[in-house]
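# okay, sequence plus prediction incoming.
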Amino acid sequence: MNDTLSFYDGRITINPAICNGKPTLRGKRIAVQTILEFLSAGDSDADILEQYPSLEQEDIRACLRFAADMMDRRYDLARVA
């Protein structure tokens, strides 16, 4: 049984066995959150790709699309614990 979810042509994956189920890039142990944090700190795409040479430019774009899609959802604060 495959418990992996995949988005954006497999660029973003969620697998309970990798990084505690956080969204990662292509099943690698590089969390989407990590890339977003680098971007929010002002790092350029080139800086990130230098730090993570196994990534591609489209991986960074997929992180941004994933974050934007998450913000497009409705959240019920009464259910947040």
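Structure's in. What do you need?
# now do the helices in this protein.
Along the chain, the stretches classed as helices by DSSP state H are 32-40, 45-51, 57-71.
# got those as JSON lines, with mean pLDDT columns?
Converted to JSON lines, the helices of the chain look like this (pLDDT from 0 to 100):
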{"stretch": "helix 32-40", "mean pLDDT": "97"}
{"stretch": "helix 45-51", "mean pLDDT": "97"}
{"stretch": "helix 57-71", "mean pLDDT": "94"}
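# what would those helices look like in CSV with distance to residue 15 and mean neighbour count?
Heads up, the C-betas are built off the backbone N, CA and C, glycines and all. Converted to CSV, the helices of the chain look like this (distance: least, Cβ to Cβ, whole Å; neighbours: other Cβ atoms under 10 Å):
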stretch, distance to residue 15, mean neighbour count
helix 32-40, 13, 17
helix 45-51, 22, 14
helix 57-71, 15, 16
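# turn the ones you listed into a markdown table, including distance to residue 5.
A markdown table is the format used below for the helices of the chain (distance: least, Cβ to Cβ, whole Å):
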| stretch | distance to residue 5 |
| --- | --- |
| helix 32-40 | 12 |
| helix 45-51 | 23 |
| helix 57-71 | 11 |
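# could you pull up the contacting residues of the most centrally placed residue in the chain?
Nearest to the mean C-alpha position of the chain, counting by Cα atoms, centre = their mean, stands residue 32 at 2.3 Å. Contacts for residue 32 (Cβ atoms under 8 Å, 6 or more residues apart in numbering) come out as 12, 22, 23, 24, 25, 63, 66, 67.
# run a quick neighbour tally on the closest residue to it other than its chain neighbours.
Take residue 32 and drop its neighbours on the chain: the residue closest to it by Cβ to Cβ, 6 or more residues apart in numbering is residue 23, 4.2 Å away. Number of residues near residue 23 (other Cβ atoms under 10 Å) recorded here: 21.
# correct me if wrong: residue 23 contacts residue 8.
No. Look at residue 23 against residue 8 with Cβ atoms under 8 Å: they stay out of range, at 10.5 Å.
# shared neighbours, those two?
residue 66.
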